[in-house]
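[1] One predicted model, sequence on top.
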Amino acid sequence: MTVFDPIRPRPERLPTPSFADAMLMDVARRVQLSPTKHDEAQQHFEALCSYVDRSGSPLQDKVIACYPGGSFATGTAIASSVSKDQHDVDVVMELDVPTNSDPERILNLLFEAINAEPGSRYYGRVTRNSRCVTVEYDDGVRVDLMPISRLTAAPEKAGHLFHFKQQPLESYHKPVNPWGFADHFNAQTAYDPVFAAIFESRALADGRTVAKADVDPLPDRVPLSEKAARVVALQLIKRNRDVRFRNRSKRKPPSVVLAALALEVAPVGAGLLEEVVSISRHIAQRLQERSAHNLCIDVRNPAYIPDVFTDRWPGALPDQNEYVRDLEYLVRQLVRLRTENISLTEANTILNDLFGETAAKYAINEHMERSRVAMEKGAMRFGPTGRVHAGVTAAAIATNCTPARASTNMGGEWFRD
């Protein structure tokens, strides 16, 4: 159920998003996980946590707590493969083991607890990584389980993660608090009724309602239409990053780094495009400031300063500068998208380039469908390039448009700028 902010009441009239914002809203809708995939993520999450703690497991009675981490905990998860609706799930597993335990031993114990013996549920699907154990399912979905040991005399749920890598040899403990960051992030990105109204006006343009089935069953998640503009903007930035790094054999900027830097930006209003541009420019500026001093950026968990988010990226200045160029390109293309006379063909090219073919095609098709419905209802006008503007208010039509005689037998009037 939606809880409305009594201080910022929901607008009585639903505003109409700009063409560019509408396109980005549909891209954002397409990169969300489907309700089915959300349900599957919940099932995987619960099943793995129980399995590690089962009778006979090397970690039996050692699991203190199990909760979502990363993007699932902050409501910013997106499909890692949009066309296949694949996703990755991060799970934090608190274990009752000494904080100074040998990292290799802990990771091996978790691997053995899940992989178990031949013929068991997950056997052959499990990989031990440097900080987590990954389970991959037949459909490509991956669940990363990161073991930590809780620290005493530290903020709630802060702990040590266990890092071990064979080549080159690395073995150490790292202070982390993923739960603390998720709690901090969610508190800073509360539901915004103004943005929700704009988002819903896009869904309502052809008479449909926002699908409440989009509710994520994992904890601390909300329907897409009730996310803050900052959260949706961050999802789009992450999607663009994934597209840019699709053919690069290198580590990409971690989502948690982008999320932490996004919190530093003052809100710019309810416009989605402006939110994406504002966050992107800020991240690029922060990176450039460090590069100017030949330094890599240092981003830390605001809920637990010893937790360094940038300990593995950027590895060197070229990595940092490369992502600056990516962000600058994203901003330039978005500025083009909001040009009043941009054609649908140009818009499709931009969206395809920035967010991938599947998301771009979905956004364009949604626009065309709304245009068709608006034409049938007689609520349509044209821009200077012939682009259809649907869903405008009567007041806007009266102020900005000149009626044109209808040229079809569908009734009503068409309007031109």
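    Received, thanks.
[2] CA atoms for contacts and neighbours, from now on please.
    Will do.
[3] the strands in this structure, which residues?
    63-69, 88-95, 126-128, 133-136, 142-150, 159-165, 170-176, 300-301, 304-308, 379-382, 388-390, 402-404, 413-416 (DSSP state E).
[4] What residue spans form the domains of the protein?
    Dividing the chain into domains by automatic domain parsing, as the record does, gives the ranges 19-33+182-355, 35-175.
[5] just the strands of the chain: most buried one?
    Mean neighbour count (mean count of other Cα atoms under 10 Å) peaks for strand 142-150 among the strands of the chain, with a mean of 25.
[6] Now do that strand: which elements does it pack against?
    strand 88-95, helix 103-115, strand 133-136, strand 159-165 (3 or more Cα pairs under 8 Å, 6 or more residues apart in numbering; DSSP states H and E).
[7] now do 7 Å
    Here strand 142-150 touches strand 88-95, strand 133-136, strand 159-165, going by 3 or more Cα pairs under 7 Å, 6 or more residues apart in numbering; DSSP states H and E.
[8] ok, of the ones you listed, where does mean pLDDT dip lowest?
    Least confident of the helices and strands packed on strand 142-150, judged by mean pLDDT, is strand 88-95 with a mean of 92.
[9] how about stretch 310-322: buried residues?
    For stretch 310-322, burial by neighbour count (16 or more other Cα atoms under 10 Å) applies to 310, 313-314, 317, 319-321.
[10] Could I get the domains of the chain in a markdown table, plus columns for distance to residue 373?
    A markdown table is the format used below for those (distance: least, Cα to Cα, whole Å):
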| stretch | distance to residue 373 |
| --- | --- |
| domain 19-33+182-355 | 6 |
| domain 35-175 | 26 |
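[11] right, so of the ones you listed, which gets closest to residue 376?
    Between residue 376 and the domains of the chain, the tightest spacing by Cα to Cα is seen for domain 19-33+182-355, at 10.4 Å.
[12] Any regions of the stretch 201-350 of the chain where pLDDT drops low?
    Scanning the stretch 201-350 of the chain for pLDDT under 70 picks out 201-225, 270.
[13] any chance of the strands of the chain in a markdown table, plus distance to residue 43?
    Converted to a markdown table, the strands of the chain look like this (distance: least, Cα to Cα, whole Å):
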| stretch | distance to residue 43 |
| --- | --- |
| strand 63-69 | 12 |
| strand 88-95 | 11 |
| strand 126-128 | 17 |
| strand 133-136 | 13 |
| strand 142-150 | 11 |
| strand 159-165 | 25 |
| strand 170-176 | 26 |
| strand 300-301 | 29 |
| strand 304-308 | 30 |
| strand 379-382 | 45 |
| strand 388-390 | 41 |
| strand 402-404 | 55 |
| strand 413-416 | 51 |
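[14] Nearest to residue 355, out of those?
    Comparing those by Cα to Cα, strand 88-95 comes nearest, at 18.2 Å.
[15] follow-up on the earlier one: go through the helices and strands packed on strand 142-150 and name the closest to residue 230.
    Nearest to residue 230 among those is strand 88-95 (21.2 Å), distances taken as Cα to Cα.
[16] That closest one - contacts with which helices or strands?
    strand 63-69, strand 142-150.
[17] Pull up the pairing partners for that strand, direction included.
    strand 63-69 (antiparallel), strand 142-150 (parallel) (DSSP bridges).
[18] Need the contact partners of that strand.
    Applying Cα atoms under 7 Å, 6 or more residues apart in numbering, the external contacts of strand 88-95 come out as 62-70, 72, 80, 141-150.
[19] give me phi/psi at residue 132?
    The phi and psi torsions at residue 132 (degrees, to the nearest 10) take the values phi -150, psi 170.
[20] For the nearest residue to it once chain neighbours are set aside, give me its contacts.
    If the residues on either side of it in the chain are set aside, residue 132 comes closest to residue 146, at 4.3 Å by Cα to Cα, 6 or more residues apart in numbering. By Cα under 7 Å, 6+ apart, residue 146 lies in contact with 91-93, 131-133.
[21] swap in residue 115?
    Contacts of residue 115 by Cα under 7 Å, 6+ apart are 122-124, 126.
[22] before we move on, the earlier item: can you flag the weakest of the helices and strands packed on strand 88-95 by average pLDDT?
    Averaged per stretch, pLDDT over those is lowest on strand 63-69, reaching a mean of 92.
[23] what sits up against that one?
    By Cα under 7 Å, 6+ apart, strand 63-69 touches 49, 53, 90-96, 178-179.
[24] Turn the strands paired with strand 88-95 into TSV, including distance to residue 252.
    Formatted as TSV, those follow (distance: least, Cα to Cα, whole Å):
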stretch	distance to residue 252
strand 63-69	18
strand 142-150	17
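[25] and of the ones you listed, who's closest to residue 230?
    Here strand 63-69 is closest among the strands paired with strand 88-95 (Cα to Cα), at 18.9 Å.
[26] Which among the helices and strands packed on strand 142-150 is found nearest to residue 255?
    Among the helices and strands packed on strand 142-150, strand 88-95 comes nearest to residue 255, with 11.8 Å by Cα to Cα.
[27] What angle do helix 103-115 and the closest one make with each other?
    Taking axes from the mean of the first three to the mean of the last three Cα atoms, to 10 degrees, strand 88-95 and helix 103-115 form an angle of 110 degrees between their directions.
[28] distance between strand 88-95 and the chain's centre?
    How far strand 88-95 lies from its chain's middle: 18 Å, per Cα atoms, centre = their mean, to the nearest Å.
[29] Equivalent analysis for stretch 333-348, please.
    23 Å.
[30] Check which residues of it are buried.
    Buried residues in stretch 333-348 (16+ other Cα under 10 Å): 333-334, 337-338, 342-344, 347-348.
[31] Span of that stretch from start to end?
    Stretch 333-348 has an end-to-end distance of 12 Å (criterion: Cα to Cα, to the nearest Å).
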